[in-house]
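**Q** can't give you the sequence, but here's the structure:
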């Protein structure tokens, strides 16, 4: 070692103290060698215990979070405060974002995806705790696109190996209706359009369950179905001033977005309701359409199990009749086995003897009295000027209770392209390598072939 007071590199004695980064260093003025360095306190732990850390070791001892992680934690905390989530949810979401940002998969992603990562952690936490929260709600708070948010959410679920249960449809209905602005009186909403929250929720839940039982929910986005069901439920609770309100205005008054497929889901729900209304005896005398059937949604939901059971039995009966067409006409049988709205008509028209001898009962709402002649002749009520009876006779059967993809398939089957006509064999076609072996002959076969050829 060099003598005290001299530089170990050049042996010069010109040693000076120099302040560098707010600390004193002993430097050789001749060669610039640093002989000693001061002590620097950098970490919170060392400051608490009044311990000093050498400058050469201070950079590796920093207990400071990265700026990206700090922004992510703040975003998670802000979302939890806006959504009024419990403290346990916030702790879980913060732990998820801390784990995610340590993974290499999220190091080189764009800044936009990193900002959505906090929302995905909150969304996963709410799903795991069975807290009703939709992806659309998070995207609206973050001003993000749903497709980009979904990609980040799937990446987070895959990288962390999280098990996320699916949100039930009942919870989704409750969450979606909680965002409606039709429950508190405001200047922009007319008084007839205000509705009780519990009544609207119960009626909407019944319509959504009906849609689920008739395959309108399978494979579809749930928000358009819930929107259409809430619109029908809202109209049915006070039909008078609300039947003239379109779906677009209803969504504007409720303060929710109108999803594009909602009109299609509304049309499908109305078809189901019209078919169910044709099975109720006290509704056959009315000229129901897609607007007036809304008035009777309460009765249709009350007898939903009976009407759907009849529809399923009707479909089974039609399939059996198609398999055996010679066993009888489709119109025979009860209401559940014939065409909807025509079962009692066809049955009465076949029993002509009793109609000739007895006077038809005109006061019975559930019995349609056909006139004399063939089953296709118009009923007596139509001859006397009742238009509803004639329309009911001409009305078609209930919409088949099949998945919509089978009723209205999007992709049409294309006919197969005509194959090229087979060309005549000339004997000059090339032989492939896989078929060449069957044309090779052994020496014995060659001699037998020559002998037979000479004999011929």
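**A** Perfect, thanks for sending it. Since this is a predicted model, take the numbers as computed values, not measurements. Numbering: from 1, shown residues only.

**Q** Check whether residue 114 really touches residue 106, as I assumed.
**A** Yes: counting by C-beta atoms under 8 Å, residue 114 does reach residue 106; the two are 6.9 Å apart. From N, CA and C alone the C-beta is placed, and that goes for glycine too.

**Q** Determine the three-state secondary structure at the closest residue to residue 261 other than its chain neighbours.
**A** Excluding the flanking residues, the one nearest residue 261 by C-beta to C-beta, 6 or more residues apart in numbering is residue 224, at 4.3 Å. Under DSSP: H, G, I helix; E, B strand; the rest coil, residue 224 falls in the helix class.

**Q** burial count for residue 224?
**A** The number of residues packed near residue 224 is 18, by other C-beta atoms under 10 Å.

**Q** Tell me the pLDDT of residue 270.
**A** Residue 270 is assigned 93 on the pLDDT scale.

**Q** actually residue 265, sorry about that
**A** On the pLDDT scale, residue 265 is placed at 93.

**Q** quick one, what contacts the residue nearest to residue 261?
**A** When contacts are counted by C-beta atoms under 8 Å, 6 or more residues apart in numbering, residue 224 touches 259, 260, 261, 262, 264, 265.

**Q** just checking, which of these belong to helices?
**A** Using DSSP state H, the members of those that fall within helices are 262, 264, 265.

**Q** Restrict the residues you listed to the buried ones and give me that as a ChimeraX selection.
**A** Here is the ChimeraX selection string for the buried members of these, based on 16 or more other C-beta atoms under 10 Å:
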select :262,264,265
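
**Q** Save the ones in helices among the contacts of residue 224 as TSV, and put in distance to residue 83 too.
**A** Below are these laid out as TSV (distance: C-beta to C-beta, whole Å):
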residue	distance to residue 83
262	25
264	31
265	28
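
**Q** rewinding a little: between the contacts of residue 224, which is nearest residue 189?
**A** Of all the contacts of residue 224, residue 189 sits closest to residue 262, with 20.0 Å by C-beta to C-beta.

**Q** these two touch, right, the closest one and residue 229?
**A** No: counting by C-beta under 8 Å, residue 229 is not a contact partner of residue 262; they are 9.8 Å apart.

**Q** is it possible to export the contacts of residue 224 to CSV including distance to residue 178?
**A** Compiled in CSV, the contacts of residue 224 are given as follows (distance: C-beta to C-beta, whole Å):
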residue, distance to residue 178
259, 17
260, 23
261, 22
262, 18
264, 25
265, 20
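
**Q** model confidence over the strand or helix carrying residue 127, on average?
**A** Using DSSP states H and E, residue 127 sits within helix 111-128. The average pLDDT for helix 111-128 rounds to 91.

**Q** and if you look at stretch 249-256?
**A** 92.

**Q** Start the count at 476 instead of 1 going forward.
**A** Sounds good: first residue 476 from here, last item stretch 724-731.

**Q** Pull out the buried positions in it.
**A** Buried-residue list, stretch 724-731, by 16+ other C-beta under 10 Å: 725, 726, 728, 729, 731.

**Q** before we move on, back to that, just the pLDDT at the residue nearest to residue 736, thanks.
**A** Note on residue 699: pLDDT of 92.

**Q** And the one 10 residues further on, by the same measure?
**A** According to the prediction, residue 709 has pLDDT 95.

**Q** right, and the secondary structure at it would be what?
**A** Going by three-state DSSP: residue 709 is helix.

**Q** and what of residue 491?
**A** From three-state DSSP, the assignment for residue 491 is strand.

**Q** Look up how far residue 484 lies from the closest residue to it other than its chain neighbours.
**A** What sits nearest to residue 491 in space, not counting adjacent residues and going by C-beta to C-beta, 6+ apart, is residue 504, at 5.2 Å. Residue 504 sits 12 Å away from residue 484, taking C-beta to C-beta, to the nearest Å as the criterion.

**Q** do the same with residue 615
**A** Residue 615 is 66 Å from residue 484, by C-beta to C-beta.

**Q** and what of residue 656?
**A** With the distance defined as C-beta to C-beta, residue 656 ends up 79 Å from residue 484.

**Q** Residue 503 now?
**A** With distances taken as C-beta to C-beta, residue 503 is found 7 Å from residue 484.

**Q** Neighbour count: the two, which is higher?
**A** Ranked by neighbour count (other C-beta under 10 Å), residue 503 and residue 484 place residue 503 first, with 20 against 13.

**Q** list the contacts for that one?
**A** Counting by C-beta under 8 Å, 6+ apart, residue 503 makes contact with 482, 484, 485, 487, 489, 490, 509, 510.

**Q** For the nearest residue to it once chain neighbours are set aside, grab the count of nearby residues.
**A** Residue nearest to residue 503 in three dimensions, not counting chain neighbours: residue 482, with 3.8 Å by C-beta to C-beta, 6+ apart. Using other C-beta under 10 Å, residue 482 has 21 other residues around it.

**Q** Would you check that residue 482 makes contact with residue 505?
**A** Yes: between residue 482 and residue 505 there is a contact under C-beta under 8 Å: 6.5 Å.

**Q** So for these two, which residues contact both of them?
**A** In contact with both residue 482 and residue 505: residue 489, using C-beta under 8 Å, 6+ apart.

**Q** as a whole number, average confidence for the helix or strand residue 502 falls within?
**A** Per DSSP H and E, residue 502 falls inside strand 498-503. For strand 498-503, the mean pLDDT works out to 74.

**Q** ditto for stretch 551-566
**A** Computed over stretch 551-566, the average pLDDT equals 91.

**Q** Any idea how far apart the tips of it sit?
**A** End-to-end distance for stretch 551-566: 9 Å, by C-alpha to C-alpha, to the nearest Å.
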